[in-house]
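K.L.:
here is the input, now give the coordinates:
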Amino acid sequence: MMGLIGRKVGMTQLFDEKGDIVPVTVIETGPCTVTEIRTRERDGYTALQLGFGTNKESRFTKPVLGQFKKRNLPASRHLREFRVGDVSAYTLGQTLHASVFEKGERVDVEGISKGRGFAGVIKRHGFSAGHASHGPTMGREPGSIGSSAYPSRVIKGKRLPGRMGGKTFTSKNLLVAGVNDEQSVLLVRGAVPGPPNGLVYVLKRGS
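P.N.:
Next up, the predicted model:
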């Protein structure tokens, strides 16, 4: 599935042809460098390895840095492989921008959701708290969760307090509302996972 590595800038709004407000997420997609080309003859599958972002050379291990120097490429902070059916149109060191996508097509955006820390059942699962008057004793607790004599244990899968967020999440079938190739910026209708400046992967649907 062809795509690009990007950075979530934030959210804004546009006006469509009817004058309605459209909420969009601004994603800085690239520039991404083709750092490796996987071929069916050598690797058994076809894909592109893309690099995004930069960092000090001292931040990389020598084996990783050596891979870039062997190809005479600048070291990329983030790497990701994208499956591509035909890699003949790409060359090592080629730079890809937002023009990979077109206005009106559908994409999937993958990222890591905001971490909320340890959360209770009300915030995490939408439970209702007990009444604040007439002497309640439940408060914000989940209530009874166990069984009696049988099976004498808590059933697996109960919705309980725990860590909330900070997981890989994919927003699917989002509409590309605009493409700015000069700034390599993509405008995607709706919200995508992650905080501002968070790393995201924009994937073409059906590619």
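K.L.:
report pLDDT for residue 103.
P.N.:
Here, the pLDDT recorded for residue 103 equals 91.
K.L.:
quick check: domain ranges of the chain?
P.N.:
3-118+168-204, 119-164 (automatic domain parsing).
K.L.:
in CSV, list these along with mean neighbour count.
P.N.:
All C-beta spots, glycine's among them, are computed from the backbone N, C-alpha and C. Output for the domains of the chain, formatted as CSV (neighbours: other CB atoms under 10 Å):
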stretch, mean neighbour count
domain 3-118+168-204, 16
domain 119-164, 11
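K.L.:
which of those domains has the lowest mean pLDDT?
P.N.:
domain 119-164 (a mean of 88).
K.L.:
might you calculate how far that domain sits from the centre of the chain?
P.N.:
31 Å (CA atoms, centre = their mean, to the nearest Å).
K.L.:
got phi/psi on the closest residue to residue 159 other than its chain neighbours?
P.N.:
Spatial nearest neighbour of residue 159, chain neighbours left out: residue 125 (4.5 Å); criterion: CB to CB, 6 or more residues apart in numbering. Note on residue 125: backbone dihedrals following degrees, to the nearest 10 are phi -120, psi 0.
K.L.:
quick one: residue 125 and residue 158 touch, right?
P.N.:
No. Residue 125 sits out of contact with residue 158 when judged by CB atoms under 8 Å, with a separation of 10.0 Å.
K.L.:
remind me, longest helix of the chain?
P.N.:
Once the chain is assigned using DSSP state H, the helix that runs over the most residues is helix 62-70.
K.L.:
and the contacts of that one?
P.N.:
For helix 62-70, contacts defined as CB atoms under 8 Å, 6 or more residues apart in numbering pick out 35, 57, 74-76.
K.L.:
three-state assignment of residue 99?
P.N.:
Residue 99 falls in the helix class when you classify it by DSSP: H, G, I helix; E, B strand; the rest coil.
K.L.:
measure it to residue 30 for me?
P.N.:
Distance, residue 99 to residue 30, using CB to CB, to the nearest Å: 9 Å.
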